[in-house]
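>>> coords please:
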Amino acid sequence: MFLAWSAALAALVNRSYLQASSATMATDLARYGSAATWRGVYYRGEKIGFTVSQTVPTADGFDLEESGRLQMSLLGATTAATIRTTAHVDQNFALRAFEFSLDPGTGPIEVRGRINGLRLTLDVQTPSGIRSEDRELAEPPALSLNLSRRLANGGLVPGARHRWSIFDPATLRNSPVTLDVGKRELVRGSGSPMPAFRVEMEFAGLRTTSWVTDTGEVLREESPLGLITVRESPDNARAMAVSDRMRVDLLAASSVVPQGGKPIGDPRDVRRLRLRIDGVDLSAPDMDGGAQRVDGTVLELRDPQALQAEPADPAAARYLAPEPFIESDAPEIVAEAEAAVRGVTGTRARAERLTRYVNALLEKKPTISLPSAREVLRTKVGDCNEHTALYVAMARALGFPARIAVGMVYIHGAFYYHAWPEVYLEERGRGAWLPVDPTLNQFPADATHLRLARGGLDKQAAILPMIGHARLRILDLQSIPGSTPVLVGRTASDMRPLDIPIPQRDSRGQGCWSRPPR
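Just a heads-up that it's a prediction; the model follows:
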């Protein structure tokens, strides 16, 4: 339930790695003919799914269709998601329209786009309703789904470099992509070796390698995250695509165990933490500020409870507006937000009550989804992404500027990728951005929340290049005087769900509670 990079992972693997629930899988796969391309999906050597794609000629272009299935383990629990993508392109494989669907098992989120020159019309539909908007783009977009076809249309020349923009349906943003075409190589799949061009792609700071044939078929694709797709026969691709017991836990595999220093006992007792960080770009503007300070390769975290109000932030108002997945103007979001703080006065007290309310409202369950606040309110299920999206939407509905922070948090002996909100609290012309954590029921969030980026859902892609590369060393740790470390119980690496309720941080000193009053 602490997997901040699940949404970012979904954004990455929307290229082909996910798809439909078992109830609709057979129907969906029936539309793929004998010429369809099947691939197996692997994570660190473990078979976790399959994909299938095909190109269908139309009167004035092509339809590129792709489906598949992924199932994996998060915190020891099996979770799955659904994705289906169709790109409508012209004879030159330029994108004209697309449909994208992701269903984590609680109902699909569908994104439909129509392109007219540099104007993009978006429809975002969930079981809770539909929202539409128009956007002006700096250049014509593409979907990652049709990149290999565009390359095959005259672009597969060794030494060539292509710079295009990809529209990512998972984040609703246009982002640059760079592709470098290398030499032909023989690639072994399920049959005899086939010649294909080696293509290096850099997107959102992540570099992947693909092998693309003259006709635009991707024979193999490798990501530094450990994800690999390999062209296989239909039977081999589907075999063991959903294993009864996943041996790989993505959350544990992406965690970072800090080295050196004395161990962190209870993160809630930490008042100051200095870390040396390697494998992370600390020059990014979001790394410094608030309770977090950067000095070279050293990052210092202080307890946000000690933050002092500063002159009002004139940019805070931009974080009051609704967004496609942060539907703060939806009537049900507004009503729930007002109910959450009914009878509570004072800016800080209302923000804290909202934190406790969202924590108690949602069932804690790892998911892979695009967390629409309206959908989270409807299903009342999710991990840190869902808690964060709902909190940010409800805070904005109450007139509090709020934004998403992504990074790491220390839990059970390691730092795990995580997401949490930052809410802007202002009184009498002075204010501060305060990190809070409705997932962990913390107001404010403890001092082990290491922020890597902040803003909207698109910022979560900033985490991807760090997975597998970040290294942390504890240089100094200061805790509350007299605090007692945990002497008995589980080992730090044991991430199974606890069988007892965990007391949560409560700055009011009034103890814990399980559900807010209505």
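>>> May I have the secondary structure class of residue 418?
strand (DSSP: H, G, I helix; E, B strand; the rest coil).
>>> how many other residues sit next to it?
Residue neighbour count, defined by other C-beta atoms under 10 Å, stands at 31 for residue 418. For every residue, glycine as well, the C-beta is placed using N, CA and C.
>>> swap in residue 413?
For residue 413, using other C-beta under 10 Å, the count is 16.
>>> before we move on, what about residue 202?
Neighbour tally, residue 202, other C-beta under 10 Å: 15.
>>> just the one 5 residues further on next, same as before
Residues contacting residue 207 under the criterion other C-beta under 10 Å number 14.
>>> how about the helices of the stretch 351-500 of the chain, start to end?
Ranges of helices within the stretch 351-500 of the chain are 373-379, 384-397, based on DSSP state H, counting those that start in this stretch.
>>> is it true that residue 475 touches residue 262?
No - with contact defined as C-beta atoms under 8 Å, residue 475 does not count as touching residue 262 (10.8 Å).
>>> Looking at these two, which one has more neighbours?
Per other C-beta under 10 Å, whichever of residue 475 and residue 262 has more neighbours is residue 475, with 14 against 10.
>>> tell me the contacts of the more buried one?
By C-beta atoms under 8 Å, 6 or more residues apart in numbering, the contact set of residue 475 is 260-261, 274-276, 298.
>>> let's see it at 7 Å
261, 274-276, 298 (C-beta atoms under 7 Å, 6 or more residues apart in numbering).
>>> Likewise for residue 319?
Shown in contact with residue 319 (C-beta under 7 Å, 6+ apart): 401-403, 424.
>>> That one: what's its closest spatial neighbour, skipping adjacent residues?
Once flanking residues are discounted, residue 319 sits nearest to residue 401: 4.0 Å by C-beta to C-beta, 6 or more residues apart in numbering.
>>> what sits against the one you found?
316-317, 319-320, 424.
>>> one more time with 10 Å
313, 315-321, 392, 395, 422-426, 431, 433 (C-beta atoms under 10 Å, 6 or more residues apart in numbering).
>>> Out of those, name the ones that lie in strands.
If you go by DSSP state E, those have 422-426, 431, 433 in strands.
>>> Farthest pair within those residues?
422 and 426 (13.2 Å; C-beta to C-beta).
>>> where exactly do the helices run in the chain?
For the chain, the helices defined by DSSP state H occupy 5-13, 22-29, 147-152, 234-238, 250-253, 331-340, 347-361, 373-379, 384-397.
>>> Quick check: residue 316 touching residue 395?
No - counting by C-beta atoms under 10 Å, residue 316 does not reach residue 395; the two are 11.7 Å apart.
>>> any idea of the mean pLDDT in stretch 61-70?
Averaged over stretch 61-70, pLDDT sits at 85.
>>> of all the contacts of residue 475, which comes closest to residue 235?
Nearest to residue 235 among the contacts of residue 475 is residue 275, at 48.8 Å by C-beta to C-beta.
>>> mind checking pLDDT for the closest one?
Looking at residue 275, its pLDDT is 94.
>>> now do residue 268
For residue 268, the predicted pLDDT is 90.
>>> Same check on residue 307?
Residue 307 carries a pLDDT score of 88 in this model.
>>> any idea how far it is from residue 223?
Separation of residue 307 from residue 223 (C-beta to C-beta, to the nearest Å): 38 Å.
>>> Same drill for the two, tell me which one is more crowded.
Each of residue 307 and residue 223 has its neighbours counted (other C-beta under 10 Å); residue 223 has more, 21 against 16.
>>> Can you get me a residue count around the spatially closest residue to that one that is not a sequence neighbour?
Once flanking residues are discounted, residue 223 sits nearest to residue 208: 4.8 Å by C-beta to C-beta, 6+ apart. Each residue near residue 208 was counted by other C-beta under 10 Å, and the total is 17.
>>> Can you tell me how far residue 208 is from residue 66?
17 Å.
>>> Kindly report the same for residue 333.
33 Å.
>>> can you check residue 233 too?
18 Å.
>>> More neighbours: which of these two?
residue 66 (25 against 13).
>>> was I right about that one contacting residue 83?
Yes - taking C-beta under 10 Å as the definition, residue 66 is a contact partner of residue 83 at 8.3 Å.
>>> Give the bridge partners for the closest residue to residue 84 other than its chain neighbours, please.
Leaving aside its sequence neighbours, residue 84 sits nearest to residue 101 (C-beta to C-beta, 6+ apart; 4.7 Å). Counting by DSSP bridges, residue 101 is bridged to residue 84, residue 110.
>>> In contact with the closest residue in space to residue 121 that isn't next to it in sequence, which residues are there?
Take residue 121 and drop its neighbours on the chain: the residue closest to it by C-beta to C-beta, 6+ apart is residue 114, 4.6 Å away. Residue 114 sits next to 88, 96-98, 120-123, 134 when contact means C-beta under 10 Å, 6+ apart.
>>> measure residue 114 to residue 97 for me?
In terms of C-beta to C-beta, residue 114 sits 5 Å off from residue 97.
>>> Quick check: neighbours shared by these two?
By C-beta under 10 Å, 6+ apart, residue 114 and residue 97 have these common neighbours: 88, 120-121.
>>> mind putting the residues you listed in JSON lines, neighbour count included?
What follows is the shared contacts of residue 114 and residue 97, written out as JSON lines (neighbours: other C-beta atoms under 10 Å):
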{"residue": "88", "neighbour count": "20"}
{"residue": "120", "neighbour count": "21"}
{"residue": "121", "neighbour count": "14"}
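>>> quick check, nearest of the residues you listed to residue 143?
Using C-beta to C-beta, residue 88 comes nearest to residue 143 of the shared contacts of residue 114 and residue 97, at 9.9 Å.
>>> The closest one bridge partners, please.
residue 63, residue 97.
>>> roughly how far apart are it and residue 36?
In this view, residue 88 and residue 36 are 18 Å apart by C-beta to C-beta.
>>> Deepest in the core, which of the helices of the chain is it.
helix 384-397 (a mean of 30; mean count of other C-beta atoms under 10 Å).
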